[in-house]
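In: With the input below, show me the fold.
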Amino acid sequence: MKIALLSCYELGHQPHGLAMPLAFLERAGHAAVAQDLAIERLDEDLIRAADFVGISVPMHTALRLGVRLAARVRELHPAVHLCFFGLYAPLNEDYLRALGADSVLGGEHEAELVALIDRLSRELPADAPDQRLAAGHSVTLTKLPFPTPQRTRLPQLDRYAKLIRDGREHVAGYTETSRGCLHLCRHCPIPPVYGGRFFVVDARVVLDDIEAQVELGAAHITFGDPDFFNGPRHGMAIARELHRRWPTLTFDVTVKISHLLKCRAYLPELATLGCAFVVSAAESLDDGVLERLAKHHTRADFEQALALTRAAGLVMRPTFVPFTPWTTLEQLAQLVDFIAREGLIDCVDPVQLSIRLLVPPGSLLLDPDTRGDFGTLDAAALSYQWRHRDSRVDQLQQQIAALAADAADRQLAADVVFSQIRALVHAADGHVATATTATTARPPGPPAPRLSEAWFC
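Out: Have a look, this model is predicted:
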């Protein structure tokens with residue numbers, strides 16, 4: 001079979017969502033051609049000749065782009081077997097099948113992808129390469145024997161996002177020590193698919209993947225697990241071995257606020273092992289919003305976690321969902337003042353202050369106690385719709401989103417953009433920042449380390 005695997009977007013990383021399926025297929029004896037359309041032009045001849053086209057959709061933006069890509073694939077080859085795979089595929093299965101997807105795969109999907117291609121390759125008559133065949137299963141939750149991701153068929157690592165630290169750019173790689181998540185945060189797209197389960201990736205596979213990327217020039221690794229401390233001993237063992245083998249290699253991790261508190265004893269060691277920063281989903285400073293999202297932390301917990309990471313010598317880069325049906329203008333003003341007061345201007349990408357709550361099909365926010373806050377499903381937008389009771393909140397979100405997008409295009413400094421966002425927030429709230437919180441200057445010293453790709457979700 002002629003197999004094409006396509007990726008549209010993975011937060012600026014070399015697509016792990018292609019590297020792992022490529023390895024599974026290679027181990028099964030299938031050759032596939034991969035393209036990352038975030039940095040490459042679609043090879044239309046490849047699509048016309050393909051028997052199978054798979055589109056990786058690990059996140060919302062990837063699926064929005066993937067839907068447009070699928071339409072082009074169908075124009076080029078109307079009868080090719082079209083498959084969507086990744087986290088967002090099963091959430092939107094009905095919509096994707098209505099658009100003409102032949103198969104939709106999610107969860108631990110790679111073995112099912114191989115099985116589907118095995119079946120298609122057996123059933124596809126040599127004289128009828130365009131025949132469509134049976135669809136794949138939607139969600140699989142079975143521990144898989146992971147191979148080392150196949151990266152040699154992907155674009156060079158130095159074409160992707162860089163770590164920016166001390167005024168210099170460093171080539172950054174990406175890997176995962178686990179998949180899925182133990183937790184059931186209600187706004188997260190992972191629980192509807194994984195249902196509170198997670199699967200570790202064998203340490204040897206992770207370290208082999210890191211080694212391959214170091215050989216390709218990586219000086220930094222992003223661990224893209226939904227939560228690095230879902231299995232803290234597993235994650236820490238890998239971090240220790242990483243540091244032993246490559247003492248100058250840095251890394252970043254994502255850890256839930258409650259796990260930073262529970263696993264605080266590991267934080268100083270993370271810093272000594274080379275952790276450049278920790279991403280943590282603070283989401284909101286309002287305890288009522290946090291309760292609705294089932295984050296299982298409070299504002300006080302976030303402040304304590306921030307203090308603990310700083311004491312350990314770690315940089316925290318908190319992420320937020322500032323705009324929800326329950327957000328008030330006063331809460332937004334408190335958020336921007338908090339960021340200024342705590343010296344977090346360098347640690348919060350401007351786009352984070354524009355994020356609007358998405359409610360995909362199957363979301364736990366559709367439970368009875370919050371279902372009334374959301375309208376009908378807009379399948380094309382991949383989310384249930386909602387409007388804030390205070391139209392000024394929705395208007396502010398649109399203003400900040402436009403400002404953040406323009407600032408990213410123009411590569412404006414974080415403190416300049418934050419100052420503009422903060423002015424918008426206080427104008428909407430009808431107040432002016434007080435003298436004690438008015439500063440929007442970044443704290444002294446070098447900027448906090450970050451990745452050059454700031455967009456999120």
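
In: What are the contacting residues of the longest helix anywhere in the chain?
Out: Secondary structure of the chain per DSSP state H: the longest helix is helix 391-410. Residues external to helix 391-410 that are found in contact with it (CB atoms under 8 Å, 6 or more residues apart in numbering): 322-323, 327-329, 332, 350-351, 353-354, 356, 387-388, 416-417, 420-421, 424-425, 428, 454-455. For glycine as for every other residue, the C-beta is placed from the backbone atoms N, C-alpha and C.

In: Inside helices: which ones of the residues you listed?
Out: Using DSSP H, the contacts of helix 391-410 in helices are 329, 332, 416, 417, 420, 421, 424, 425, 428.

In: Need the max-distance pair from those.
Out: The largest separation in these, counting by CB to CB, is between 329 and 416 at 23.0 Å.

In: Can you list the low-confidence ranges for this structure?
Out: Applying pLDDT under 70 to the chain flags the ranges 124-137, 431-444, 455-457.

In: So for residue 329 and residue 416, which residue has more residues nearby?
Out: Ranked by neighbour count (other CB atoms under 10 Å), residue 329 and residue 416 place residue 329 first, with 19 against 15.

In: quick one: contacts for the more buried one?
Out: By CB under 8 Å, 6+ apart, the neighbours of residue 329 are 390, 392, 393, 396, 425, 428, 429, 430.

In: cool, residue 80 as well?
Out: Contacts for residue 80 (CB under 8 Å, 6+ apart) come out as 47, 50, 51, 52, 53, 73, 74, 130.

In: Could you dump those into JSON lines with neighbour count, distance to residue 94 and secondary structure added?
Out: Output for the contacts of residue 80, formatted as JSON lines (neighbours: other CB atoms under 10 Å; distance: CB to CB, whole Å; DSSP: H, G, I helix; E, B strand; the rest coil):
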{"residue": "47", "neighbour count": "21", "distance to residue 94": "25", "secondary structure": "helix"}
{"residue": "50", "neighbour count": "25", "distance to residue 94": "25", "secondary structure": "coil"}
{"residue": "51", "neighbour count": "20", "distance to residue 94": "25", "secondary structure": "coil"}
{"residue": "52", "neighbour count": "24", "distance to residue 94": "22", "secondary structure": "strand"}
{"residue": "53", "neighbour count": "24", "distance to residue 94": "20", "secondary structure": "strand"}
{"residue": "73", "neighbour count": "23", "distance to residue 94": "20", "secondary structure": "helix"}
{"residue": "74", "neighbour count": "17", "distance to residue 94": "18", "secondary structure": "helix"}
{"residue": "130", "neighbour count": "11", "distance to residue 94": "25", "secondary structure": "coil"}
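
In: Next, format the residues you listed as JSON lines and append distance to residue 91.
Out: Output for the contacts of residue 80, formatted as JSON lines (distance: CB to CB, whole Å):
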{"residue": "47", "distance to residue 91": "25"}
{"residue": "50", "distance to residue 91": "25"}
{"residue": "51", "distance to residue 91": "27"}
{"residue": "52", "distance to residue 91": "22"}
{"residue": "53", "distance to residue 91": "20"}
{"residue": "73", "distance to residue 91": "21"}
{"residue": "74", "distance to residue 91": "21"}
{"residue": "130", "distance to residue 91": "29"}
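
In: how about these, which pair is most distant?
Out: Every pair of the contacts of residue 80 checked by CB to CB; the farthest is 51 and 74, at 14.7 Å.

In: what ranges do the strands span in the stretch 201-350 of the chain?
Out: Counting by DSSP state E, counting those that start in this stretch, the stretch 201-350 of the chain has strands at residues 220-223, 250-254, 275-283, 316-320.

In: now what about stretch 243-255, what contacts it?
Out: Residues contacting stretch 243-255 (CB under 8 Å, 6+ apart): 163, 165, 170, 207, 210-211, 214, 218-229, 235, 239, 242, 263, 270, 272-281, 449, 451.

In: again, only using 6 Å
Out: 214, 220-223, 228-229, 273-280 (CB atoms under 6 Å, 6 or more residues apart in numbering).

In: out of the residues you listed, which one sits closest to residue 186?
Out: Closest to residue 186 out of those is residue 280 (17.6 Å), distances taken as CB to CB.

In: check contacts around residue 193.
Out: Taking CB under 6 Å, 6+ apart, we find residue 193 in contact with 90, 106, 107, 139.

In: Can you classify residue 172 as helix, strand or coil?
Out: Under DSSP: H, G, I helix; E, B strand; the rest coil, residue 172 falls in the strand class.

In: what's near enough to touch it?
Out: Applying CB under 6 Å, 6+ apart, the residues near residue 172 are 161, 162, 163, 220.

In: will you turn the residues you listed into a markdown table that also has neighbour count and secondary structure?
Out: Below are these laid out as a markdown table (neighbours: other CB atoms under 10 Å; DSSP: H, G, I helix; E, B strand; the rest coil):
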| residue | neighbour count | secondary structure |
| --- | --- | --- |
| 161 | 22 | coil |
| 162 | 18 | strand |
| 163 | 24 | strand |
| 220 | 25 | strand |
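
In: buried sites along the longest helix of the chain?
Out: Going by neighbour count (16 or more other CB atoms under 10 Å), the buried part of helix 391-410 is 393, 396, 397, 399, 400, 401, 403, 404, 407, 408.

In: Including distance to residue 188, could the strands of the stretch 201-350 of the chain go into TSV?
Out: Formatted as TSV, those follow (distance: least, CB to CB, whole Å):
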stretch	distance to residue 188
strand 220-223	18
strand 250-254	12
strand 275-283	8
strand 316-320	12
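
In: Out of the ones you listed, the one nearest residue 374 is which?
Out: strand 275-283 (17.4 Å).

In: quick one on the thing from earlier: out of the contacts of residue 329, which is nearest to residue 98?
Out: Nearest to residue 98 among the contacts of residue 329 is residue 393, at 32.5 Å by CB to CB.

In: For PyMOL, what selects the buried ones among the ones in helices among the contacts of helix 391-410?
Out: To isolate the buried members of the ones in helices among the contacts of helix 391-410 in PyMOL, using 16+ other CB under 10 Å:
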select buried, resi 329+332+417+420+421+424+425+428
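
In: Go through the ones in helices among the contacts of helix 391-410 and name the one nearest residue 201.
Out: residue 417 (36.5 Å).

In: How about the contacts made by that closest one?
Out: 350, 407.

In: now residue 382
Out: Neighbour list for residue 382: 92, 360 [criterion: CB under 6 Å, 6+ apart].

In: Good, we can wrap up now.
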